[in-house]
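**Student:** what shape does this take:
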Amino acid sequence: MIYAIVKGMKQWMANNASELLTVSCTVVAKRFRVRGGSGDASASTDYYVTFETSNGDRVELEVPDRLYGLIVEGDRGDLTYQGTRFKGFERAADRDSMR
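**Tutor:** Predicted coordinates for the structure are as follows:
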């Protein structure tokens with residue numbers, strides 16, 4: 001338990017120290033993870049999207065559930081993130097415009 005708290009604090013501090021970046025990218029994968037849900041415990045779901053930048057780097061970020069369903073593999077646009085924090089994804093108006 002203490003390890004998880006310390007790890008979370010380190011990640012929070014690293015994210016705060018990271019530069020806010022906006023990069024052109026393509027959505028290459030989506031996944032989700034369900035936690036809990038056994039017995040009387042309620043389940044929770046985490047949603048992740050993998051983005052590939054124009055130079056081939058990939059970054060997987062947790063995204064809010066309300067956006068997960070709106071993002072589609074193959075979408076192209078501008079990703080804004082800070083460390084491991086997803087800040088936003090602005091889909092290109094014309095999906096073919098970046099090809």
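**Student:** which helix or strand contains the residue nearest in space to the middle of the chain?
**Tutor:** For the chain, the residue nearest the mean C-alpha position is residue 61 (2.2 Å; Cα atoms, centre = their mean). Per DSSP states H and E: residue 61 is located in strand 58-63.
**Student:** run the angle between the longest strand along the chain and strand 58-63 for me.
**Tutor:** Secondary structure of the chain per DSSP state E: the longest strand is strand 20-36. In terms of direction (axes from the mean of the first three to the mean of the last three Cα atoms, to 10 degrees), strand 20-36 departs from strand 58-63 by 60 degrees.
**Student:** and the next helix or strand after strand 20-36, how far out from the chain middle?
**Tutor:** Proceeding N to C from strand 20-36, the next assigned helix or strand is strand 43-53, under DSSP H and E. Its chain's C-alpha centre and that of strand 43-53 lie 5 Å apart, by Cα atoms, centre = their mean, to the nearest Å.
**Student:** tell me the buried residues in strand 43-53?
**Tutor:** 47, 49, 50, 51, 52 (16 or more other Cβ atoms under 10 Å). Heads up, the C-betas are built off the backbone N, CA and C, glycines and all.
**Student:** ok, the fourth one touching residue 63?
**Tutor:** Same thing as residue 51. No: counting by Cβ atoms under 8 Å, residue 51 stays clear of residue 63, with 9.9 Å between them.
**Student:** shared neighbours of those two, which are they?
**Tutor:** Shared contacts of residue 51 and residue 63, defined by Cβ atoms under 8 Å, 6 or more residues apart in numbering, are found at residue 89.
**Student:** for the record, mean pLDDT for the lengthiest helix in the chain?
**Tutor:** In the chain, assigned by DSSP state H, the helix with the most residues is helix 2-17. Averaging pLDDT along helix 2-17 gives 84.
**Student:** I'd like to know which elements it is packed against.
**Tutor:** Applying 3 or more Cβ pairs under 8 Å, 6 or more residues apart in numbering; DSSP states H and E, one finds that helix 2-17 contacts no other helix or strand.
**Student:** now for residue 63, how many residues are close by?
**Tutor:** Residue 63 has 20 neighbours, counted by other Cβ atoms under 10 Å.
**Student:** fine by me, we can end here.
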